[in-house]
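# Give the three-dimensional model of this entry:
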Amino acid sequence: MRRCIWSLVGLTVAATSLGAQGLRDKISELFIFTAGKDPLFLGGTAHPSNPATIQLHANHFIPSARAENGSLISFIGNAISGNVANIPVSATSGGSTFRFEGGVPVRTSTSPGPVFAERAQTLGRGRVFVGANVNRLHFETLRGVSLKDIEMTFTHENVTGPVCDSIVGASCTPYGVPTLENDVIAVRLALDLNMTVTSFFLSFGLLDRVDIGVVLPIVSTSLTGTSDAQIRPFGGTTAAHFWGGTPSNPQLSTSRLVQGSATGIGDIAARVKVTVTESERTAFSILGDLRFPTGSENDLLGSGHLAARGLGILSAKFRDFAPHANVGFLFRSGDLQNNAVLATVGFDHLMAPWATMAVDLASEFEVGDSKLRLPGTVTYDAPFRRTVEPTNIPTERDDQINASFGFKFVTGSGVTLVANTLWPLNRGGLRPNVLWTAGLEYNF
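Purely as a prediction, here's the structure:
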């Protein structure tokens, strides 16, 4: 059995590493419309048959020439990879929990507990909680903008210097001189991003008041993306920027399709929970967990950075009704990922000896302004003062508020069936319309 498990893990790792190109690279490819060239490189403009004065314009939109265009492209990849590791995992102490008084086990829970939120009770010395769940989601929006309708406007480099001045016969310092600097590339993106996370988890009652646990996620991500690019000349009879053709008969529109998928180990988590105080009706615990960057960031299987979470957990019992509250802090080590304040309130209610309803309101509030920055409004000085917005994605914080609603059903064999839905109540960050969860739990 042990050999089979390690063989499965090895095959999973191998499957992750076989792809020569990551899914993040696929996203970047959506902006490469000339094979083998930089994003936004104008292959038609650069063609050797064109005059040298036309060829000079081929690089004026690429990220190395216009940094704002590069930051707009990288925003998409960073926003997606920074959110794929936010999928919640099972609570640490499900099923029945106990404490020992004079060597006799005393049950401390009335139900199998919440699905994703934490309750304060620990399992009890020597007890084990194991299970697996499958989370399925289709990402729909990025900061409230449909992933099928992302608009991006790339602007021309502001070319300055004596050579430009001599050609134009005036100073090129004002943005918009020469007039062709007013040309833009309008791109419309449509992204279809799906993810399935299968998590295997185990918790062990190390002491009466101490639980330790581990979570192993297997992540499968698929991406299909299309981009439609249109060059919008500002004026003039001869085109200076085009994808193909000639200055007198230019190709001003083009498109790109990319597809890819990856499967492998996600970010493994290690957890410990300690009960601080417990009475007949209430209990208070603290929980700490670490998520290690074991999932491939480039394949959108993990965050690529260490994350640490600390929670204070307060639980109460009123017959069959058990409310709980979790408050804590999430530290993320990534340069483009914000730390966050965590707050969850909810309850689990034993409706029948075999059925429990679990309801939670879970929130995550970023500390400070979002580190995922979009380029600002572009202002042209000539031939008249005007502005262009680089994208329809808003500049805002990526706070998240979710409502969780689910059930646990205890079977005759002692296995607990889990069914849950997670509904976003706001549109910060990368979000699905709903996250579906199905799972199995067992403790002994």
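# C-alpha from now on. contacts and neighbour counts both.
Will do.
# if you go through the stretch 201-350 of the chain in chain order, where are the strands?
Counting by DSSP state E, counting those that start in this stretch, the stretch 201-350 of the chain has these strands, from start to end: 210-232, 244-245, 250-251, 253-265, 269-278, 282-291, 307-316, 321-332, 340-352.
# Bridging across strands, which residues link to the residue found closest to Phe321 once you drop the neighbours it is linked to in the chain?
The shortest distance from Phe321 to any non-neighbouring residue, by C-alpha to C-alpha, 6 or more residues apart in numbering, is to His349 (4.6 Å). Counting by DSSP bridges, His349 is bridged to Phe321, Met357.
# residues contacting the residue most central in space within the chain?
Nearest residue to the geometric centre of the chain (C-alpha atoms, centre = their mean): Asn83, 1.5 Å. For Asn83, the contacting residues are Ser303, Gly429, Leu430, by C-alpha atoms under 8 Å, 6 or more residues apart in numbering.
# tell me the contacts of the first one?
Listed by C-alpha under 8 Å, 6+ apart, the contact partners of Ser303 are Ser81, Gly82, Asn83, Val84, Ala85, Asp267, Pro293, Gly295, Ser296, Glu297.
# Including pLDDT and distance to Gly144, could those residues go into a markdown table?
What follows is those, written out as a markdown table (pLDDT from 0 to 100; distance: C-alpha to C-alpha, whole Å):
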| residue | pLDDT | distance to Gly144 |
| --- | --- | --- |
| Ser81 | 80 | 17 |
| Gly82 | 77 | 16 |
| Asn83 | 76 | 14 |
| Val84 | 72 | 17 |
| Ala85 | 70 | 19 |
| Asp267 | 94 | 26 |
| Pro293 | 93 | 28 |
| Gly295 | 93 | 27 |
| Ser296 | 93 | 26 |
| Glu297 | 91 | 24 |
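# Dump the strands of the stretch 201-350 of the chain to JSON lines, plus mean pLDDT.
Conversion of these to JSON lines gives the following (pLDDT from 0 to 100):
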{"stretch": "strand 210-232", "mean pLDDT": "96"}
{"stretch": "strand 244-245", "mean pLDDT": "90"}
{"stretch": "strand 250-251", "mean pLDDT": "93"}
{"stretch": "strand 253-265", "mean pLDDT": "96"}
{"stretch": "strand 269-278", "mean pLDDT": "95"}
{"stretch": "strand 282-291", "mean pLDDT": "96"}
{"stretch": "strand 307-316", "mean pLDDT": "96"}
{"stretch": "strand 321-332", "mean pLDDT": "96"}
{"stretch": "strand 340-352", "mean pLDDT": "96"}
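# can I get the ones you listed in JSON lines with distance to Thr391 and mean neighbour count?
Formatted as JSON lines, these follow (distance: least, C-alpha to C-alpha, whole Å; neighbours: other C-alpha atoms under 10 Å):
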{"stretch": "strand 210-232", "distance to Thr391": "14", "mean neighbour count": "21"}
{"stretch": "strand 244-245", "distance to Thr391": "25", "mean neighbour count": "17"}
{"stretch": "strand 250-251", "distance to Thr391": "23", "mean neighbour count": "18"}
{"stretch": "strand 253-265", "distance to Thr391": "18", "mean neighbour count": "19"}
{"stretch": "strand 269-278", "distance to Thr391": "36", "mean neighbour count": "19"}
{"stretch": "strand 282-291", "distance to Thr391": "33", "mean neighbour count": "20"}
{"stretch": "strand 307-316", "distance to Thr391": "30", "mean neighbour count": "21"}
{"stretch": "strand 321-332", "distance to Thr391": "27", "mean neighbour count": "20"}
{"stretch": "strand 340-352", "distance to Thr391": "26", "mean neighbour count": "20"}
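# now those strands as JSON lines including distance to Glu364?
Below are the strands of the stretch 201-350 of the chain laid out as JSON lines (distance: least, C-alpha to C-alpha, whole Å):
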{"stretch": "strand 210-232", "distance to Glu364": "21"}
{"stretch": "strand 244-245", "distance to Glu364": "47"}
{"stretch": "strand 250-251", "distance to Glu364": "47"}
{"stretch": "strand 253-265", "distance to Glu364": "25"}
{"stretch": "strand 269-278", "distance to Glu364": "19"}
{"stretch": "strand 282-291", "distance to Glu364": "16"}
{"stretch": "strand 307-316", "distance to Glu364": "12"}
{"stretch": "strand 321-332", "distance to Glu364": "9"}
{"stretch": "strand 340-352", "distance to Glu364": "5"}
